[in-house]
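Student: Here is my input, please return the structure:
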Amino acid sequence: MNTFDFIIVGAGSAGCVLANRLSADPSHRVLLLEAGRTDNVSYMSMPLAFRNMFTNPAIDWGYVSEPEPYADNRRLPVFRGKVLGGCSSVNGMLYARGHSRDYDEWRDMGLKGWGYEDVLPYFRRSECNWRGTSRFHGGEGPMGVSRHQGDAHLYDDLARTAQRLGHRSVDDFHGEDQEGFGAPDFTVAKGRRASTSQAFLHPVHARHNLVVRTGCMSTRVLLAGHRATGVEYIEQGQRRQVFADREVILSGGAFNSPQLLMLSGIGPAQSLRKHGIDVHLDLPGVGQNLQDHHSIRVEFAANGPIAFDSQLRYDRLARSVIQWKLFGTGPAAGLPVSGMLFYHSEVGLDRPDGQTLISPVAGHAKVWYPLVGKGVGHQFSTANVRLRPDSKGHVRLRSADPLAKPVIQFNLLQAESDRLFFRRAVRGMREFFATQPAARLISHELVPGTTVQSDSEIDQFVRGMIGTAFHPAGTCAMGLGADAVVDAGLRVHGIEGLRVADASVMPRIVGGNTNAPAIMIAEKAADLILRKQASSVPTPELISSPMEMSQ
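Tutor: Down below sits the predicted model:
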């Protein structure tokens, strides 16, 4: 079979969702193309092993940025999953949607149908939240969202500290109040990673009308005039072509979706000609508007053996893995996280611009062996994230070779506002851990260290430490202007039968982790493609009688 109704390029966070939803109608023939391998990778489903996934060259694209001119010209690692499920198979599993006003901002940019109330049904549709069905959550979706089980003593001390500093306590970061300190949710179900391949794809793999092909590197979208007709790809060294009667949907993410468009002759004309690519459509916004959350670590030594390092002793870790294997419980079934804070770094903002994740483990922690050597020690590590950076970068072609890695330039810290944010973030973390009862949990500061005090010293530290949270977005942005790539229906401007559905369509990055929003985008894309209205899960407050419930 060489012709399908729909061809989806990329089986990542969005692509697996689309494959499930579009193939639900048995009359639709759906092909899902993935350049990576299957997700039957040892311990991929164990939450505690997520750091091993990032460093596994068999399932990572191996991308690095260009030298970052405002970050000491360092080349930064860019982790991206090269496997079914994409980044949802290798990420830290934290479930966050961003702030409700993020989506209202998209709507106010002229993108009808993308306000918070418009997209909320799609968030709810995808999840099976531990809280059950409500106005804000779905209780019957394919993807498990679990409550974080951390150390109660550490959490209580950190929560009281946050309250003393004026932060609210939050039970649900996706309810009415989306700012303050609380315990995050994770995409974990019964102690195992709930990637989109596990939640959406594997349960429907037997559908006769769904074909999934791995190890297939897409090289270009086939075009007839201004209509997409199919996809060319390489499989085991052979070039092959497949055709779409209805639509081609790109779900390769913020790097590979614009890369494929440019390889197909859709993008900035001058750049395409530079690589000898025939210009099919001059679309200057392709690859522009790259945004990612800037992030730095601030670390402290724990005041005694109260953090997670003891659990990384080899024999204890082995017992944890066995417990996880048998029962899906124990330390290996979760992540060492003590709490999360969304906050304003300055007055006058309409929503939080900072996110801090506090973990009772060092950023460079490792397994250690008794009688051989000790671990790195008991520490608290904080990831401090700029949620809405003003600095923007780009993605470009390195050459016309589809196997060449794209050129990725983040331009981290280009904007003075971003540099000012991290000065405040460093000092804010110091204030937090100097306040009781958090102060009694630590003995001293490790990173950046107490010798770093002045603005210039903090700036120097930040330049040498800054990285991304691995949340790239925006390179095929929705919009109405000349720099927009897709419209509010996710259709590529000027090309029929071609859409993009992944985090690359975000016109402005959301204030939170991007996996859940990418899944939401795919859920909405499926309805746009099938011309359906948003289907909302009934909520208790909307059901007025037992008879109404049964209808």
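
Student: after the lengthiest strand in the chain, next one along is what?
Tutor: The residue-count maximum for a strand in the chain (DSSP state E) belongs to strand 238-250. Using DSSP states H and E, the helix or strand that follows strand 238-250 in sequence is helix 253-263.

Student: Taking strand 238-250 as reference, get the angle to that next one.
Tutor: 120 degrees (axes from the mean of the first three to the mean of the last three C-alpha atoms, to 10 degrees).

Student: pull the CA atoms of helix 253-263 into CSV?
Tutor: What follows is helix 253-263, C-alpha atoms only, in CSV (Å, rounded to 0.1, in the frame of the first residue of the first chain):
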residue,chain,number,x,y,z
GLY,A,253,9.1,19.2,16.4
ALA,A,254,10.7,22.7,16.4
PHE,A,255,13.9,21.6,14.6
ASN,A,256,12.8,18.9,12.2
SER,A,257,9.5,20.4,11.0
PRO,A,258,11.1,23.6,9.6
GLN,A,259,14.0,21.6,8.4
LEU,A,260,11.7,19.4,6.2
LEU,A,261,9.8,22.4,4.9
MET,A,262,13.1,24.0,3.8
LEU,A,263,14.3,20.8,2.2
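
Student: What is that helix packed up against?
Tutor: Here helix 253-263 touches strand 216-224, strand 238-250, strand 394-396, going by 3 or more C-beta pairs under 8 Å, 6 or more residues apart in numbering; DSSP states H and E. Every C-beta, even on glycine, is put in place using the N, C-alpha and C of the backbone.

Student: 10 Å instead?
Tutor: strand 3-9, strand 216-224, strand 238-250, strand 266-267, helix 269-274, strand 394-396, strand 407-409, strand 498-500 (3 or more C-beta pairs under 10 Å, 6 or more residues apart in numbering; DSSP states H and E).

Student: Just checking the distance from that helix to the centre of its chain.
Tutor: Relative to its chain's centre, helix 253-263 lies at 17 Å (C-alpha atoms, centre = their mean, to the nearest Å).

Student: ok so, going back, okay if I get the helices and strands packed on helix 253-263 as a markdown table plus mean neighbour count and distance to residue 312?
Tutor: Listed next are the helices and strands packed on helix 253-263 as a markdown table, based on neighbours: other C-beta atoms under 10 Å; distance: least, C-beta to C-beta, whole Å:
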| stretch | mean neighbour count | distance to residue 312 |
| --- | --- | --- |
| strand 3-9 | 24 | 39 |
| strand 216-224 | 19 | 38 |
| strand 238-250 | 19 | 40 |
| strand 266-267 | 29 | 46 |
| helix 269-274 | 15 | 47 |
| strand 394-396 | 23 | 37 |
| strand 407-409 | 19 | 33 |
| strand 498-500 | 27 | 41 |
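
Student: between those, which one is nearest to residue 207?
Tutor: Across the helices and strands packed on helix 253-263, residue 207 has its closest neighbour in strand 3-9 (12.9 Å, C-beta to C-beta).

Student: for the record, mean pLDDT for the following helix or strand past the closest one?
Tutor: Under the assignment DSSP H and E, the closest C-terminal helix or strand after strand 3-9 is helix 15-22. Averaged across helix 15-22, pLDDT comes to 98.

Student: C-terminal to helix 15-22, what's the next element?
Tutor: strand 30-33.

Student: For that following strand, which helices and strands make contact with it?
Tutor: Looks like strand 30-33 contacts strand 3-9, helix 15-22, strand 210-213, strand 216-224, strand 227-235, strand 238-250 (3+ C-beta pairs under 10 Å, 6+ apart).

Student: Other residues contacting the helix or strand that it is followed by?
Tutor: From strand 30-33 onward toward the C-terminus, using DSSP H and E, the following helix or strand is helix 50-54. Contacts of helix 50-54 with the rest of the structure, by C-beta atoms under 10 Å, 6 or more residues apart in numbering, involve 41-44, 46, 59-60, 77, 79-81, 83, 87, 89-93, 193, 335, 363-366, 470.

Student: Which residues belonging to stretch 302-318 are considered buried?
Tutor: Within stretch 302-318, the residues scored as buried using 16 or more other C-beta atoms under 10 Å are 302, 306-309, 311-313, 317.

Student: Tell me the buried residues in the helix or strand containing residue 384?
Tutor: For residue 384, the enclosing helix or strand under DSSP H and E is strand 379-386. Under the neighbour-count criterion of 16+ other C-beta under 10 Å, strand 379-386 has 379-386 buried.
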